[in-house]
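Student: based on what follows, work out the 3D shape:
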Amino acid sequence: MIKISTTLINPILFNRNRNMKRIITVLLILFVLQAHSQDKTKAADKTTKTTSPAIESKKVKSPKTIKTASGLEYTITEKGNGKKPKIGDKISVHYTGKFTNDTVFDSSVKRGVPYDLRLGNNEVIAGWEEAFLLFQEGDKATIKVPPALGYGDQARGAIPANSTLIFDVQLIKVTEGVKPFDVKGKDTLKTPSGLKYIVVKENKAGETTTGKKVTINYSGFLKEGKCFDSSIDRGQPLTAEVGKGKLFPGLDEALSLMRNGEKAKFIIPSQLAFGQRGGGPIPPNSDIIMDVEVTEVKDIPIPVKFDTTGITPKVTASGLKYFEIKKSGSTQQAVAGKKVKVHYTGYLTDGKIFDSSVERGEPIEFQLGAAQVIPGWEEGVALMSIGDKFRFIIPSQLGYGEAGRAPVIPANAQLTFDVELVGVSDDGQTPPDDSTGGAPHDHNH
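Tutor: Numbers count the residues shown, from 1 in each chain. Here you go, the predicted model:
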């Protein structure tokens, strides 16, 4: 039973009113779109998990019900011989949740996908936290959770207030939690901003990171030692651009101090992290600790601005201005209901790039007509066919309006986008990609 959600911030192009279902790392701000492809990989990985425990279990001949001091009751019906979890470990479980009248309100078994959680992170109700620390891999059990260890006097969806809950559970797998870097005996350094860091592994010959695209493995901890996020746990390193304002300030500065192949521990004060608002599992005004290893450094492809010389712009009734830089002649047009794949670079009126799929080396996908992008994009992309290159001049009312999108897009900002349509497909399919395997495009017309 999930207690909290770690869904945080939508990518820059997505309408802020859309209910995004993807969970993205708390480390990224508005416009790191790589999470889109990472989440698809993660979802695919979860569907491949088996519904059986990795180790054998035996039925208990005479199951006994035990009641703990907190009021939790549990009965082990099958006994496994695998690892026993501890605080900080990740576990994978199957469960069926019922009321005392046997009415089922939730079931991972029915969905066919086990539920993963980290113990000690308050991701689940207190009854689950306590119960799974009593089990080991392969155990099947029934647990009875009183209201005080469940949702208390608060109704939660289909669960009424003051409900006693029954769960049939199976502990499938225990994965040892990420361990913080050992920095015993090492010096702590401090930058003028207040960022503290400890070099764990130095590589003076490594390539510097500022202005580059870096791939890192990281684990983030609160000061009391709780791990709130880890690329190592997910098996998905993070790739991001350093010095472009696309990470929260403390991490951006931290990475700028590193070279390829280096490891360091960073103590990031709250004002350089998530400040008074906090975010997801990070409470307001929290200093955080980041263990970071840089595994790869690459140059960022430089977008080439479309040349509009001699091209007369067209203006739609809504106020959208566009230049037809290249017309491919393709009959595959972007229409509402289709999934489209585009490369783009976005500029402010001073010519500054605020976001670019070209820099990331990966086009984005979205469903046209589903309010997943700003209105100027909905209208503009619908004018294109596969292979077309257009420049859009989007007035603020078709972009982010009076609110803007801090910290990058000001209020009432006019935005310029150089856009190339590289794929169109029916909804639910991956658009065919006319680009060269995700390599940067030559954006000259």
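
Student: ok, residue 55 touching residue 84?
Tutor: No: with contact defined as CB atoms under 8 Å, residue 55 does not count as touching residue 84 (12.0 Å). To be clear about C-beta, it is placed using only N, CA and C from the backbone, and glycine gets the same treatment.

Student: what strand or helix carries residue 407?
Tutor: Following DSSP states H and E, one finds residue 407 outside all helices and strands.

Student: any residues in contact with both of residue 55 and residue 84?
Tutor: residue 137 (CB atoms under 8 Å, 6 or more residues apart in numbering).

Student: where does this structure dip in pLDDT?
Tutor: Residues of the chain meeting the criterion pLDDT under 70: 1-54, 427-445.

Student: so how far is residue 251 from residue 99?
Tutor: The spacing between residue 99 and residue 251, counted by CB to CB, to the nearest Å, is 44 Å.

Student: again, but for residue 139
Tutor: Between residue 139 and residue 251 the computed distance is 39 Å (CB to CB).

Student: now do residue 177
Tutor: In terms of CB to CB, residue 177 sits 21 Å off from residue 251.

Student: from residue 404, how far out is the closest residue to residue 403 other than its chain neighbours?
Tutor: Closest residue to residue 403 apart from its sequence neighbours, by CB to CB, 6 or more residues apart in numbering: residue 411 at 6.5 Å. As judged by CB to CB, residue 411 and residue 404 stand 4 Å apart.

Student: the more surrounded of these two?
Tutor: Of the pair residue 411 and residue 404, residue 404 is the one with more neighbours under other CB atoms under 10 Å, namely 15 against 12.

Student: in contact with the more buried one, which residues are there?
Tutor: 410, 411, 412, 413.

Student: how about 7 Å then?
Tutor: Taking CB atoms under 7 Å, 6 or more residues apart in numbering, we find residue 404 in contact with 410, 411, 413.

Student: burial of residue 401, as a residue count?
Tutor: 15.

Student: for the one 4 residues further on, same thing?
Tutor: Around residue 405 sit 19 other residues, with neighbours defined as other CB under 10 Å.

Student: specify the beta-bridge partners of it.
Tutor: Per DSSP bridges, the residues bridged to residue 405 are residue 409.

Student: do you know how far it is from residue 377?
Tutor: 14 Å.

Student: for residue 148, same thing?
Tutor: Residue 148 is 49 Å from residue 377, where distance means CB to CB.

Student: same deal with residue 257?
Tutor: Distance from residue 257 to residue 377, by CB to CB: 37 Å.

Student: so for those two, which sits in the more crowded spot?
Tutor: residue 377 (26 against 19).

Student: quick one, domains of this structure?
Tutor: Following automatic domain parsing, one finds the domains of the chain at 57-175, 189-299, 314-426.

Student: and residue 182, which of the ones you listed is closest to it?
Tutor: With distances scored as CB to CB, the stretch of the domains of the chain nearest to residue 182 is domain 189-299 (7.8 Å).

Student: centre of the chain to that closest one, how far?
Tutor: 16 Å (CA atoms, centre = their mean, to the nearest Å).

Student: quick one: residues in contact with the helix or strand where residue 167 lies.
Tutor: Taking DSSP H and E as the definition, one finds residue 167 inside strand 165-175. With contact meaning CB under 7 Å, 6+ apart, strand 165-175 is reached by 53-54, 82-83, 85, 89-98, 100, 114, 132, 135-145, 150.

Student: of those residues, keep whichever come out buried.
Tutor: Buried members of the contacts of strand 165-175, counted by 16 or more other CB atoms under 10 Å: 53, 82-83, 85, 89-98, 114, 132, 135-145, 150.

Student: residue 129 should be in a strand, yeah?
Tutor: No: counting by DSSP: H, G, I helix; E, B strand; the rest coil, residue 129 is not found in a strand; it is helix.

Student: contacts only, for it.
Tutor: Contact analysis of residue 129 by CB under 7 Å, 6+ apart lists residue 119.

Student: got phi/psi on the nearest residue to residue 229 once chain neighbours are set aside?
Tutor: With sequence-adjacent residues excluded and distances taken as CB to CB, 6+ apart, residue 229 is closest to residue 220, at 4.6 Å. Per-residue torsions, residue 220: phi -110, psi 140 (degrees, to the nearest 10).

Student: redo the contacts of residue 404 as JSON lines? Include distance to residue 295.
Tutor: Formatted as JSON lines, these follow (distance: CB to CB, whole Å):
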{"residue": "410", "distance to residue 295": "36"}
{"residue": "411", "distance to residue 295": "39"}
{"residue": "413", "distance to residue 295": "36"}
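
Student: closest to residue 163 among those residues?
Tutor: Nearest to residue 163 among the contacts of residue 404, with distances taken as CB to CB, is residue 411, at 46.1 Å.
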